[in-house]
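>>> Sequence and predicted structure below; questions after.
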There are 2 protein chains.
Amino acid sequence: MAQFNSYQPNPELDLMFERVIDVPRELVWAAWTTPEQLKKWFTPAPWKTVDCEIDLRPGGIFSTMMRSPEGQEFPNLGCYLEVIKNERLVWTNALEPNFRPSKHPVETPGHECAEFSFTAVISLEPREKGTKYTALVMHSNKEDRAKHEKMGFQEGWGTALDQLVAMIKKI
Amino acid sequence: MAQFNSYQPNPELDLMFERVIDVPRELVWAAWTTPEQLKKWFTPAPWKTVDCEIDLRPGGIFSTMMRSPEGQEFPNLGCYLEVIKNERLVWTNALEPNFRPSKHPVETPGHECAEFSFTAVISLEPREKGTKYTALVMHSNKEDRAKHEKMGFQEGWGTALDQLVAMIKKI
């Protein structure tokens, strides 16, 4: 199950976000895998995550519903591919639950997010004073990677992680 | 890892092939997971499987190259999702190796096979005199299911299984 230990990111197709944070990885894992926690940090404000379903096993559902400040809702449906507690979480929107291929592109007017497929790998490594947090996002082609980068990948993941850390410190 | 034990096929989106065969499941598993064996039975004659690469782990490559009687070659690239020795093998062409989303539809003129995404689940159950062999193929929509059925799903999987059993009996 250790396939990503030796994976070398492909700079033409992947996006990567890395940061060392001062909270233990067990709490970061809980923030990613507990719907009630995830809803509090997953979407950069003033957007909200108003619904979340998690079935934490390969083939299990990972779905979220985001709501814009104007009140429009955008569903995201995917499934987990690899679940290694406190270490690595892999999911994709290219498959629905039970590994069924997704209908793509998803027709959600005005919501660029849903227009491309991706696979995300969250890796957590212990550090003396916290956790090294890495998000690797794989795309099928250069155009999708460029679109995702232009949408504000670095800023978006950074803001969400700020919110995650703030939530943990408040618990 | 036992998600398909409780999965109820969806008759609107899935195709299913079932047969009891008189060879032990360990040999059927080997036929599915050893490139040199798979090349001998995987494609109904007079088509041939001329190349096969297998990395038997979730995220690992499963690729085949088929050759038509006229000599035209058609690549199929996918990745494994679940590998339970002698019991269940799951793979999809919606993801490439390392779970990267695939480019779909694949542009292979004249080759209907590659034009839709699917996930396949091969299940092997021991029977007194052999193996209950089940292939479940999941599609993202009714049109893809209908197309696959019309291409000769039942006949194709039946002929390939005849070739698999014949190969095992010759070994």
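Sure, I can see it.
>>> Tell me how far residue A:90 lies from residue A:9.
Distance of residue A:90 to residue A:9, computed by Cβ to Cβ, to the nearest Å: 14 Å. All C-beta spots, glycine's among them, are computed from the backbone N, C-alpha and C.
>>> got the contact list for residue A:65?
Each residue near residue A:65 by Cβ atoms under 8 Å, 6 or more residues apart in numbering or on different chains is listed here: A:49, A:50, A:51, A:52, A:73, A:74, A:75, A:76.
>>> What does the third one show for phi and psi?
Going back to what we said before, that points to residue A:51. With angles defined as degrees, to the nearest 10, residue A:51 sits at phi -150, psi 150.
>>> How about it: what's its closest non-neighbour residue?
Leaving out its chain neighbours, the residue that sits closest to residue A:51 by Cβ to Cβ, 6 or more residues apart in numbering or on different chains is residue A:65, at 3.8 Å.
>>> what's across from that neighbour in the sheet?
On the basis of DSSP bridges, residue A:65 is bridged to residue A:51, residue A:75.
>>> of residue A:90 and residue A:9, who's got more company?
residue A:90 (23 against 14; other Cβ atoms under 10 Å in any protein chain shown).
>>> The more buried one falls within a strand, correct?
Yes - Residue A:90: assigned to a strand according to DSSP: H, G, I helix; E, B strand; the rest coil.
>>> For the spatially closest residue to it that is not a sequence neighbour, what is the enclosing helix or strand?
Residue nearest to residue A:90 in three dimensions, not counting chain neighbours: residue A:82, with 3.9 Å by Cβ to Cβ, 6+ apart. Assessed by DSSP states H and E, residue A:82 sits inside strand A:73-84.
>>> any idea of the mean pLDDT in stretch A:127-145?
In this model, stretch A:127-145 carries a mean pLDDT of 96.
>>> Ok, stretch A:18-33 next?
What stretch A:18-33 shows for mean pLDDT is 98.
>>> Run the chain-centre distance for that stretch.
Here stretch A:18-33 is found 13 Å from its chain centre; the criterion is Cα atoms, centre = their mean, to the nearest Å.
>>> buried sites along that stretch?
A:21, A:23, A:24, A:25, A:27, A:28, A:29, A:31, A:32, A:33 (16 or more other Cβ atoms under 10 Å in any protein chain shown).
>>> okay, and for chain A, where does confidence drop off?
Within chain A, the stretches with pLDDT under 70 are A:1-5, A:104-114.
>>> remind me, longest helix of chain A?
Assignment by DSSP state H gives helix A:153-170 as the longest helix of chain A.
>>> before we move on, which element is residue A:26 in?
Using DSSP H and E, residue A:26 sits within helix A:25-33.
>>> What sits closest to residue A:22 if chain neighbours are left out?
Spatial nearest neighbour of residue A:22, chain neighbours left out: residue A:130 (4.1 Å); criterion: Cβ to Cβ, 6+ apart.
>>> Please give me every residue in contact with that neighbour.
Neighbouring residues of residue A:130 by Cβ under 8 Å, 6+ apart: A:20, A:21, A:22, A:23, A:24, A:25.
>>> Would you point out the most distant pair within those residues?
A:20 and A:24 (12.4 Å; Cβ to Cβ).
>>> so what sits against both of the two?
With Cβ under 8 Å, 6+ apart as the test, residue A:20 and residue A:24 both reach A:130, A:131.
>>> picking up where we left off before, which among the contacts of residue A:65 count as buried?
Listed as buried from the contacts of residue A:65 are A:49, A:52, A:74, A:76; burial here means 16+ other Cβ under 10 Å.
>>> Pipe the buried residues of stretch A:18-33 into a markdown table and attach distance to chain B per row.
Formatted as a markdown table, the buried residues of stretch A:18-33 follow (distance: Cβ to the nearest Cβ, whole Å):
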| residue | distance to chain B |
| --- | --- |
| A:21 | 25 |
| A:23 | 27 |
| A:24 | 27 |
| A:25 | 22 |
| A:27 | 26 |
| A:28 | 21 |
| A:29 | 19 |
| A:31 | 22 |
| A:32 | 17 |
| A:33 | 17 |
